Structures are given as structure tokens and as C-alpha cells.
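J.: here is a sequence together with a model predicted from it:
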Amino acid sequence: MSVKSNNQGRAYEFACLNTLHEEISKYRVSKIEKNSTYEAAKRAWNTLEESEKNIYRISALAGTNTILELEPLILDDGDGELELKLQSDDNGQDGDVRDVLIIRKDIEWEIGISVKHNHFAVKHSRLSKGLDFGKKWYGIECSDKYWADIKPIFNYLDIEKSKQTLWKDLPNKEDDVYMPLLIAFKEELDRQNEFANIAKMLVEYLLGEFDFYKIIGIDSTRTTQVQSYNLRGTLNQEGKKRKRSIKLPVASLPTRIVSLEFKPDSNNTLELYLDRGWQFTFRIHNASSKVESSLKFDVQIIGMPTSIVSIDCKWK
């Protein structure tokens, strides 16, 4: 991710956090925890032009209004102070993809929001010569066959790294690196799927261990999309006095892999089709200009169950 994209993402988190605070404070006491993640987001916010800030505020307000309608407990009766905080990116590595937390300690309740600006990516996981993706993602160690398959690929990358070779100067990175690495990854998933419910565990890894909302600001269409990932039924609870605008269904996790194949005419992307409407792509790519002995996945959701409610909020 470029510095500019990173700053824009953090700035949009800052906009969402502060817009939530402003709107909630009209009805109840609300405070923001000003931790190191908040300060980093604030610095990113201050890199924006005033015209950009206005767009981010309008976009964040559209998402905030929808969240308040779906979550009556935010403004429901009670004298307790509401807390807002930004989480560190490290939480995402540990299975919590939520960027913003909304907390009411008086009723022992919280919800979280994943905030995205102009992109729909789910995870940016890595593959490397020493990283056991199976163990890290869902607790099942990769086989000896997987390690044997990837060893020559990463040995090759180590040699090129020592030469300070640039990725663009490799003679054929797609056939020498991307494709064989994806084949090893695909075959290992197939092996693991024979003795465990990999479909369910993989989606739980990709979406995190907590239910959450996703707010996606899409500047080009002047739309803020709000998606509900209510996999465990913890979102959208009724308040004592305030009522939710709609009832969100509980989404079902998949039970099996239908297919895992290369995307047509591609040697760097796998398409994963699961039952119950789940579909993902895994695109492998280098994360820097110089060759290094690890690569990143850009994981995108390309299909979701109808029980994942998605609301488009238009703004002017």
C-alpha cells in the first residue's frame, strides 16, 4: 500500500470516529480514547486538503446515520458514558478486523466497525518460506509436502534478494514464482480439507472472530456502503426504548469448498467458491519493488450470502 493510500485510509477512520462522536454526543455523553492509533489517524487527517476533508466528513456521516438506525443500543436509555476508540492494525493480525469500537460499559456491550476507503479488500495475508499459513490462519499445521513444494521457490527468491534484484527485472515472475506458489497453496488447502472443515475456518479467519459492520467510502460514486457481518447474532440488538430500523439476519458460515481454481487467463489469482453463497479471490503479489522472500495476498469478497445485508447510502 502506498503512503498516500495508507494516509487516506487512516484519515477516513479518523473521519468516521469523529463523526460518530459528534452525532452520539447530541444524545448522550461520549468520549474518544486518544491512543497512539488515534494520533496516527489524526496526523493522516491533517495531510488532507480541506476539500478532501469535507468529502470524508459527508461520506462518514452517511455511514454513521445508518449504523445509528441499525444499532439502537448506541443511543438507548441509560446514563452510562459511551466510549469510542480506534484499534491498532495489530489487532487485525490477531483476528479482530474492527477498526472502530463503540463501547458501553454500563451494559457490558460493544460493537465494531471495519472502515475502508475506496477499496473492498478483506485481508492482506502473507506467504513466506517460514510462515505456516495453516497454523496461523486456523490452527492446522501445513504438511511436509507443502514445505517441500515451496522450498525451491523461496530459495530462488533468496538468491535474487541477495543480488538486490527488482521484481520487474525477474525474467518470468509469474511462471517461476506466482503460479507454483499458488499451486502449492491450493494443493495444501485441498489436503487439509480432507480432515477438517476448512471452509468454515477459512472464512472465520478472513472475517475475524467478532461480528462487525463494514463502512466503505466510495468517492467516485458518492456512496457509502454499509455491510453487516452478523455471523454470531451479536449485532442489531433491540434497545429498551429505541428500536432498530430493520432486523438483520444471522449469516450462515460455509460448510464445504465447492471449487478452488485459477481465475481464467490468470496466473496470479485463485477463485474460491464455497457453499451458502461465499466467494473469494486470492491474488498473490509482491509488496515492494525489490525482491523479498515473502509475498502478499490481496483477498477480495466477490460473492456473499443474501444474509449479509449491504446498504448503499448516497450523498451529494
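T.: Cool, got the structure.
J.: quick check: which ranges of the stretch 1-150 of the chain have low pLDDT?
T.: 1-2, 91-94 (pLDDT under 70).
J.: which stretches in it count as helices?
T.: Here the stretch 1-150 of the chain has its helices, by DSSP state H, counting those that start in this stretch, at 3-24, 36-45, 50-70, 90-93, 133-138, 144-162.
J.: figure out which of these is closest to Asp298.
T.: helix 3-24 (12.6 Å; Cβ to Cβ). All C-beta spots, glycine's among them, are computed from the backbone N, C-alpha and C.
J.: show residues contacting that closest one.
T.: For helix 3-24, contacts defined as Cβ atoms under 8 Å, 6 or more residues apart in numbering pick out 1, 30-32, 38, 40-45, 47-48, 52-53, 56-57, 59-61, 63-65, 67-68, 74-75, 82, 84, 86, 99-100, 102, 113, 115-118, 215, 217.
J.: need the residue closest to the centroid of this structure.
T.: Val122 (3.5 Å; Cα atoms, centre = their mean).
J.: please name the nearest non-neighbouring residue to it.
T.: Val299 (4.5 Å; Cβ to Cβ, 6 or more residues apart in numbering).
J.: wait, that neighbour sits on Arg126?
T.: No - with contact defined as Cβ atoms under 8 Å, Val299 does not count as touching Arg126 (11.4 Å).
J.: looking at those two, which one has more neighbours?
T.: Per other Cβ atoms under 10 Å, whichever of Val299 and Arg126 has more neighbours is Val299, with 18 against 14.
J.: my read is that one is in a strand, agree?
T.: Yes - membership of Val299 in a strand is supported by DSSP: H, G, I helix; E, B strand; the rest coil.
J.: pLDDT at it, what is it?
T.: Per-residue confidence at Val299 stands at 92 (pLDDT).
J.: select only the buried ones of the contacts of helix 3-24 in PyMOL?
T.: For the buried members of the contacts of helix 3-24, the matching PyMOL selection, counting by 16 or more other Cβ atoms under 10 Å, is:
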select buried, resi 30+38+40+41+42+44+45+48+56+59+60+61+63+64+65+67+68+74+75+82+84+86+99+100+102+113+115+116+117+215+217
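J.: give me the beta-bridge partners of the residue nearest to Val122?
T.: Lys123, Phe282 (DSSP bridges).
J.: check contacts around it.
T.: 121-125, 206, 280-283.
J.: any chance of a markdown table for the residues you listed, columns distance to Phe195?
T.: Below are these laid out as a markdown table (distance: Cβ to Cβ, whole Å):
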| residue | distance to Phe195 |
| --- | --- |
| Ala121 | 30 |
| Val122 | 25 |
| Lys123 | 24 |
| His124 | 28 |
| Ser125 | 22 |
| Leu206 | 21 |
| Phe280 | 22 |
| Thr281 | 26 |
| Phe282 | 22 |
| Arg283 | 28 |
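J.: filter those to the buried ones?
T.: When those are checked for burial by 16+ other Cβ under 10 Å, the buried set is 122-123, 125, 206, 280-283.
J.: and the residues you listed, which is closest to Val177?
T.: Using Cβ to Cβ, the buried ones among the contacts of Val299 come closest to Val177 at Arg283, 13.5 Å.
J.: wait, that closest one touches Gln300, no?
T.: Yes - counting by Cβ under 8 Å, Gln300 is a contact partner of Arg283 at 7.5 Å.
J.: so Pro305, which of the three states?
T.: coil.
J.: number of nearby residues for it?
T.: 16.
J.: got it, and Asp149?
T.: Residues near Asp149, counting by other Cβ under 10 Å, number 18.
J.: what do you get for Tyr146?
T.: So Tyr146, with other Cβ under 10 Å, has 20 neighbours.
J.: what distance do you get for it to Met201?
T.: In this view, Tyr146 and Met201 are 17 Å apart by Cβ to Cβ, to the nearest Å.
J.: repeat that for Pro254.
T.: To Met201, Pro254 is 10 Å away according to Cβ to Cβ.
J.: looking at these two, which one has more neighbours?
T.: Shown here are Pro254 and Met201; by other Cβ under 10 Å, Pro254 has more neighbours (23 against 19).
J.: next one, pLDDT for Val291 please.
T.: pLDDT at Val291 comes out at 94.
J.: quick one, what contacts it?
T.: 157, 160-161, 164-167, 170.
J.: just Ser220 next, same as before
T.: Asn118.
J.: helix, strand, or coil at it?
T.: Following three-state DSSP, the label given to Ser220 is helix.
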